[in-house]
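have a look at this prediction, sequence included:
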Amino acid sequence: MQGLTAELIKGLWYVAAPGRDLKPGKMLNKTLVGEPVLMGRAANGEVFAIRDVCPHRGIPLHYGQFDGQSIQCCYHGWRFDTSGTCVEIPSLREGQQMDLAKIKCGSYPCRERQGLIWIFFAKNGETPAEAGQPEPPAMPDFADEVGPRFHIMLPFHCSVDHAAFGLMDPTHAAYVHTSWWFKKGAKKLRPKEKKFAPSELGWSMVRHELPPQNIAYKILGTPVTTEISYMLPGLRIENIRGAKYQATGLTALTPLSEGETEVHQFFWVSAGWMSTFKPIFEHLMRVFLDQDRRVVIQQREGLMHQPNLMLINDADTQARWWMRVKDAFLKAQADGKPFENPLRPMTLRWRS
Ligand code: FES
Ligand SMILES: [Fe+2]
């Protein structure tokens, strides 16, 4: 966690893109988790993800054409179906026998659910089921076909570890998020106390009631309760339940490489009229997330000098948990054993 880069975790599902970014017949190429990925949506509506390298001479396939069924490489016209298997080599002479099914560019397990495209990155070619992660996580209180009402994404020039620390850092808001509409500065820090419990791939801040004076949450109808879960490979899921409406927020950290991370924020809200406020809501989300983005750029200047960093109790205890859970996961994977969560239930106290 000290430096500019962080080890990437394989064997888990990652948020690749919002489904609405891919219209039928369209492709989208990205480096994700260190791999060259070409996503697409076939004419029949199904999404797919293949390795963006032509097995013939290595040119990225995204330079080619996609007709809604197969991708044609721009260099010699070989065609690949959406599972990454070669289906045509135009240069073969008549009668020339070649088993095209053996020529593959490789593909990634890919699911579209609740409006998100998730991709599974295997450690050693294992399937999601073999890795014990048959499906990507589901957002509570919303059906499979319900997409997010709000979404923003900003690229962070930092490793997934530093992005994760920022995400689970309860004491930076008074200094970093100092907009007039959120916090007005670090003048009035208050004591906080929250209960935490381990979960399958991380931990949760146990469900608790929000103060009734909280204006944003009044929209949902008081009383309002919230539960916040943090889990590998860098997900924060906040589920807010009010008397009238429910909302679920997802912050997803998707590393592009060991030192670059995409930060997505999504919101599902059961109140349909909230869509009217989409432009203003997404603007505020972007202002807020941009404050975090700017901090990590400044932090980089210091990290270049390889300082020894500190994590203190209890303000940084969750950052410690992130490293403990990640290390335990990577060790279990290396030893070929099932992951066991090393955390125990705990109450944390800090001022923020
Ligand atoms: S490099 Fe792709 S067809 Fe030759
Ligand atoms: Fe923040």
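Structure's in. What do you need? On a predicted model such as this, the values are computed, not experimentally measured, just so you know. Numbers count the residues shown, from 1 in each chain. Ligands and ions are numbered 1, 2, ... in the order given.

top strand in this protein by residue count?
Taking DSSP state E as the criterion, the chain has its longest strand at strand 246-257.

so what secondary structure elements neighbour that one?
Counting by 3 or more CB pairs under 8 Å, 6 or more residues apart in numbering; DSSP states H and E, the packing neighbours recorded for strand 246-257 are strand 12-18, strand 27-32, helix 160-167, strand 235-241, strand 260-269. Using the backbone N, CA and C atoms, a C-beta is placed for each residue, glycine as well.

turn those into JSON lines, including distance to residue 228 and mean pLDDT.
Shown next, in JSON lines, are the helices and strands packed on strand 246-257 (distance: least, CB to CB, whole Å; pLDDT from 0 to 100):
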{"stretch": "strand 12-18", "distance to residue 228": "17", "mean pLDDT": "98"}
{"stretch": "strand 27-32", "distance to residue 228": "25", "mean pLDDT": "98"}
{"stretch": "helix 160-167", "distance to residue 228": "10", "mean pLDDT": "96"}
{"stretch": "strand 235-241", "distance to residue 228": "5", "mean pLDDT": "96"}
{"stretch": "strand 260-269", "distance to residue 228": "14", "mean pLDDT": "98"}
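
these: which one's closest to residue 302?
Judged by CB to CB, the one of those that comes nearest to residue 302 is helix 160-167, at 11.2 Å.

and the helix or strand just after that closest one, what's buried?
Reading on from helix 160-167 to the C-terminus, the next helix or strand found by DSSP states H and E is helix 173-176. Under the neighbour-count criterion of 16 or more other CB atoms under 10 Å, helix 173-176 has 173, 174, 176 buried.

how about helix 173-176 as CSV, C-alpha atoms only?
Taking Å, rounded to 0.1, in the frame of the first residue of the first chain, the C-alpha atoms of helix 173-176 are listed here in CSV:
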residue,chain,number,x,y,z
ALA,A,173,-14.7,14.7,4.4
ALA,A,174,-14.4,17.7,6.7
TYR,A,175,-11.2,18.7,4.9
VAL,A,176,-11.7,17.5,1.3
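
so what strands line up beside the following helix or strand past it?
The helix or strand immediately downstream of helix 173-176 is strand 191-198, counting by DSSP H and E. Here strand 191-198 has these sheet partners by DSSP bridges: strand 202-209 (antiparallel), strand 346-351 (antiparallel).

mean confidence for strand 191-198?
Summarised as a single mean, pLDDT over strand 191-198 is 96.

quick one: stretch 70-80 near ligand 1?
Yes: counting by CB under 6 Å from any ligand atom, contacts between stretch 70-80 and ligand 1 involve 73, 75, 76, 78.

wait, I meant stretch 37-44
No: Stretch 37-44 is not in contact with ligand 1 by CB under 6 Å from any ligand atom; minimum separation 12.7 Å.

for that stretch, buried residues please.
37, 38, 39, 40, 41, 42.

same question for stretch 189-203.
194, 196, 198, 201, 202, 203.

same for ligand 1: which of those residues are within range?
Answer for the buried residues of stretch 189-203 near ligand 1: none qualify (CB under 6 Å from any ligand atom).
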